[in-house]
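Novice: need a structure here:
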Amino acid sequence: MQGQSLRGLVESLGAEGFYQKVCGLLNERKISVDDFSYYELADACGVLPDLRRLNEMASPVSSPLHVLRESSPGVSTNLFQVVTGELIGRKVIEGYEDDSGFIGDKLVSVMPSRFRNQKIAGFKALAGPTEVSEGHPYEESTFEEKYVTSEESKQGRILTINEELIAFDQTGEINRRAMALGFYLRQERERTIVRGVTDADAASSKFVYRPNGAGQALYKTDGSNRNWVGSGNTTSTAFNSAVPLADWTDVDTVLQYRATQVTDDRIDGTARPMVMPVKHMLVPEALRGTAMSVANSTQVTVTSGDNETTFANPIHGLAEVLSSPFIDEQGGQAVNDWYLGDFARQFVWTEIWPVQTFLQRADSESAFDRDVVLRVKVRYYGGVSAVDTSFVTKVDGA
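Specialist: Sure thing, here's the model as predicted:
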């Protein structure tokens, strides 16, 4: 939008009307944040910095002057900060919502919440259904309560806009910084989710699985949580060896484990297998190529001596392959391990505050100390928790 037309709108609509007009046009997508120049906006609001004074401020003998101040008597003294804060806030959200390459939302179910550290309830089946003869009453059944607790944290950053960025019309740089702030906040959420579903911080007593409020390792190597294939599994001894991901037979081994070893938690009789369709295979970037080939190849070739047999890939299309560098960063054994299951059924993201932006205007202390025009704070409050253990299986890959 041009400076002349902005000035005309400010004069004709007034401060409140101008702000509402801008928000309306943005919401209707008739204009975008990139159509604005913060320099021209400052000019229209009567707060354009005096560049001569700005240069004088560089002199060691000059005293600091707060040069970006509202001066037009017909304009609210906060209009420029309010409108600029709105525009910058939208660029922050735009950066946050750019989920290119992110997989976190496929690994969790988002659960809005008003409370932190809340109980997420479930139940154990004490008595399953029984046959009812004609004319006979049904048997009573009761349920035992069980629950896990959630854990959330607050994450955020502040973006500071100095007078020079406005005075020298660096609109593109301001928007770039705002989008970067939103992107990095989203990346932190992504890292929190990936480390949560892989239980990466259990060794430092930061647990993602907290049954009855007591944290414990999610993927116990003794196999007692029915979600570990690999060395040390004393619960399911037929699956106590590492299974490096190489071809479809390795995936089939894990599917056999899930079909025969993962059962429900009923107490009144023999536990039964669970129907748990596999939706995703999660791997570090180091295994991404192998996993894509294993899961997506349409044909498999087997060589035995001089004979070669080609047949359809038995697991083609079974699961979507997801990968993340936040697994590789864990180092050590993590770069070989892989995961199979329905992640969104096992993990929840409890969201107390979705991403929010806040504006601190030019009357703050930092405005005088550092010539700050405004500051934008962005934050979220949430956390990842495991509500069960059965739906995702971790595989020892080495």
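Novice: where along the chain do the helices fall?
Specialist: Per DSSP state H, the chain carries helices over the ranges 3-27, 38-44, 51-56, 79-96, 104-107, 163-167, 171-197, 248-260, 288-296, 325-328, 343-346, 365-370.
Novice: Can I get the ones you listed in CSV including mean pLDDT and mean neighbour count?
Specialist: C-betas here are computed from N, CA, C, even on glycine. Formatted as CSV, the helices of the chain follow (pLDDT from 0 to 100; neighbours: other CB atoms under 10 Å):
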stretch, mean pLDDT, mean neighbour count
helix 3-27, 87, 15
helix 38-44, 88, 22
helix 51-56, 46, 13
helix 79-96, 90, 22
helix 104-107, 97, 19
helix 163-167, 84, 20
helix 171-197, 95, 20
helix 248-260, 97, 17
helix 288-296, 96, 17
helix 325-328, 98, 19
helix 343-346, 96, 20
helix 365-370, 59, 13
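Novice: Out of the ones you listed, which gets nearest to Phe358?
Specialist: Phe358 lies closest to helix 79-96 among the helices of the chain, at 8.3 Å (CB to CB).
Novice: From the contact counts, what lies against that closest one?
Specialist: helix 3-27, helix 38-44, strand 153-162, helix 171-197, strand 347-360, strand 372-386 (3 or more CB pairs under 8 Å, 6 or more residues apart in numbering; DSSP states H and E).
Novice: Just the CA trace of that helix, in CSV.
Specialist: Output of helix 79-96 as CSV, limited to C-alpha atoms (Å, rounded to 0.1, in the frame of the first residue of the first chain):
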residue,chain,number,x,y,z
LEU,A,79,-1.7,3.6,16.1
PHE,A,80,1.6,2.9,14.5
GLN,A,81,2.7,0.4,17.2
VAL,A,82,-0.7,-1.3,17.1
VAL,A,83,-0.8,-1.7,13.3
THR,A,84,2.8,-2.7,13.0
GLY,A,85,2.4,-5.2,15.9
GLU,A,86,-0.6,-6.7,14.0
LEU,A,87,1.4,-7.0,10.8
ILE,A,88,4.5,-8.5,12.5
GLY,A,89,2.4,-10.8,14.5
ARG,A,90,0.9,-12.2,11.4
LYS,A,91,4.3,-12.8,9.9
VAL,A,92,5.3,-14.6,13.1
ILE,A,93,2.3,-16.9,12.7
GLU,A,94,3.0,-17.4,9.0
GLY,A,95,6.5,-18.6,9.9
TYR,A,96,5.1,-20.9,12.7
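Novice: Enumerate every residue touching Gly89.
Specialist: Counting by CB atoms under 8 Å, 6 or more residues apart in numbering, Gly89 touches 178, 357, 359, 376, 378.
Novice: Just give me the least confident of those residues.
Specialist: Minimum pLDDT across the contacts of Gly89 is recorded for Leu359, with 80.
Novice: out of the helices of the chain, nearest to Phe207?
Specialist: With CB to CB as the criterion, Phe207 lies closest to helix 171-197 of the helices of the chain, at 9.7 Å.
Novice: I figured Gly122 hits Val387, correct?
Specialist: Yes - contact criterion CB atoms under 8 Å: Gly122 and Val387 qualify, at 6.9 Å.
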